[in-house]
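Undergrad: Quick one: sequence plus predicted model below, questions after.
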Amino acid sequence: MDIKLGYQIYSAREEAEKDLASVCAKLKEFGYDGVEFAGFYGYTAAQISDILKANGLAAVSSHVPYVSIIEDMEGTIAFHKAIGCKFIAVPYLDEQTRPGAPGFAAAIRNIAKFGALCKAEGIQLLYHNHDFEFVTLSGEYGLDFLYDAIPADLLATELDTCWVNVAGENPAAYIRKYAGRCPVVHLKDFIGAKKDGEALYALIQADGSDDVKVEQKEEPAFDFRPVGYGKQDIPGIIAAGLESGAQWFIVEQDRSSERPPLDAAKMSCGYVRGL
């Protein structure tokens, strides 16, 4: 299956913080075409560009915390233009700004404003969902409300197929729902089911670090797995993405409890390339 496959470096954040260039070299060796960032570990735009060029990887997209975006929209865009990044994603909304919260209306306005600024500079803004956007708001999911409120040219989807599934929806069907508006799709696999109140993900800070350390359980009800080694219908998800105009598929594994993250990255890439 001939697709463009990227890797969310947040999945190997501890390794990247120590030696980003080495991580990129391994990803290229595994067969990845590009990377998605979630922080830059103190590197300048010129340094990031040099690392990517040396390893033949594209700067596909970047997760930038909502707070960082509203603090410096122009600076955020300038950095990403400098590294040749075509997509910026809003990765997470906190409890005060997410659908149904008092700050959601302001978040919509800020995201729309940033999306317009991105468009003017040749960058497409994306929104990366979790499962909490699948609350009912004015008769529809909060995620759909967000996409209805902001024109498609200012905000496209970066559907995280794991969280779509956890929320009770079929990932492939949901991708097709946004055909033509889904240039980047997250491939994420898992086992088990969500427990009420369980912290399944940590927040991503501007530097790529976590603000929540999730305690691993010996036999978790829910756990992430390399792509193709969990319960997701990955061939169906990829087929839906290709039919719906996806340009890139991004492998993400929030945490790797059974093996080093880069070993999992190799397994994920091997599975997808073998389809």
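TA: The structure has been received and is ready for your questions.
Undergrad: tell me which element the closest residue to L125 other than its chain neighbours is part of?
TA: Among residues not flanking L125 along the chain, G115 sits closest, at 4.0 Å (Cβ to Cβ, 6 or more residues apart in numbering). Yep, even glycine has a C-beta here, placed from its N, CA and C like the rest. Assigned by DSSP states H and E, G115 belongs to helix 104-120.
Undergrad: I'd like to know how far the residue nearest to L125 sits from A58.
TA: Applying Cβ to Cβ, to the nearest Å, the value for G115 to A58 is 22 Å.
Undergrad: neighbour count winner among these two?
TA: Between G115 and A58, G115 has the larger neighbour count (other Cβ atoms under 10 Å), namely 24 against 18.
Undergrad: Settle this for me: A239 is touching A173, isn't it.
TA: No - shown here, A239 and A173 do not form a contact pair, counting by Cβ atoms under 8 Å, at 11.8 Å.
Undergrad: Same drill for those two, tell me which one is more crowded.
TA: The residue with more neighbours, out of A239 and A173, is A239; 16 against 11, by other Cβ under 10 Å.
Undergrad: before we move on, what SS does the more buried one have?
TA: Recorded secondary structure, A239: helix (DSSP: H, G, I helix; E, B strand; the rest coil).
Undergrad: so how many other residues sit close to the residue nearest to it when sequence neighbours are not counted?
TA: Leaving aside its sequence neighbours, A239 sits nearest to A172 (Cβ to Cβ, 6+ apart; 7.2 Å). Using other Cβ under 10 Å as the criterion, A172 is surrounded by 23 other residues.
Undergrad: Report the buried residues of whichever strand or helix holds A172.
TA: Taking DSSP H and E as the criterion, A172 maps to helix 171-177. Buried residues in helix 171-177, counted by 16 or more other Cβ atoms under 10 Å: P171, A172, Y174, I175, K177.
Undergrad: which among these gets closest to I83?
TA: Distance to I83 across the buried residues of helix 171-177 (Cβ to Cβ) is lowest for I175, with 27.2 Å.
Undergrad: shaky segments in the stretch 51-200 of the chain?
TA: Along the stretch 51-200 of the chain, the model assigns pLDDT under 70 to residues 194-200.
Undergrad: hey, where'd the helices end up in this structure?
TA: Taking DSSP state H as the test, the helices found in the chain are 13-18, 20-30, 45-55, 66-71, 73-82, 104-120, 142-149, 161-166, 171-177, 234-243, 261-273.
Undergrad: can you give me the angle the longest one makes with helix 142-149?
TA: Translated: helix 104-120. 50 degrees (axes from the mean of the first three to the mean of the last three Cα atoms, to 10 degrees).
Undergrad: quick check, distance from helix 104-120 to the centre of its chain.
TA: Taking Cα atoms, centre = their mean, to the nearest Å, one finds the center of helix 104-120 at 18 Å from the center of the full chain.
Undergrad: So which elements touch that helix?
TA: Here helix 104-120 touches helix 66-71, helix 73-82, strand 87-90, strand 124-128, helix 142-149, going by 3 or more Cβ pairs under 8 Å, 6 or more residues apart in numbering; DSSP states H and E.
Undergrad: List the contacts of the last one.
TA: Going back to what we said before, that points to helix 142-149. Under the criterion Cβ atoms under 8 Å, 6 or more residues apart in numbering, residues 98-100, 104, 108, 111-112, 127, 129, 132-138, 140, 155, 157, 178, 181 lie in contact with helix 142-149.
Undergrad: What subset of those residues is buried?
TA: For the contacts of helix 142-149, buried by 16+ other Cβ under 10 Å: 98-99, 104, 108, 111-112, 127, 129, 132-134, 137, 155, 157, 178, 181.
Undergrad: Check those against M267 and report the nearest one.
TA: Nearest to M267 among these, with distances taken as Cβ to Cβ, is N129, at 24.7 Å.
Undergrad: Turn the helices of the chain into TSV, including distance to L93.
TA: Output for the helices of the chain, formatted as TSV (distance: least, Cβ to Cβ, whole Å):
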stretch	distance to L93
helix 13-18	21
helix 20-30	27
helix 45-55	26
helix 66-71	6
helix 73-82	16
helix 104-120	6
helix 142-149	9
helix 161-166	13
helix 171-177	19
helix 234-243	24
helix 261-273	26
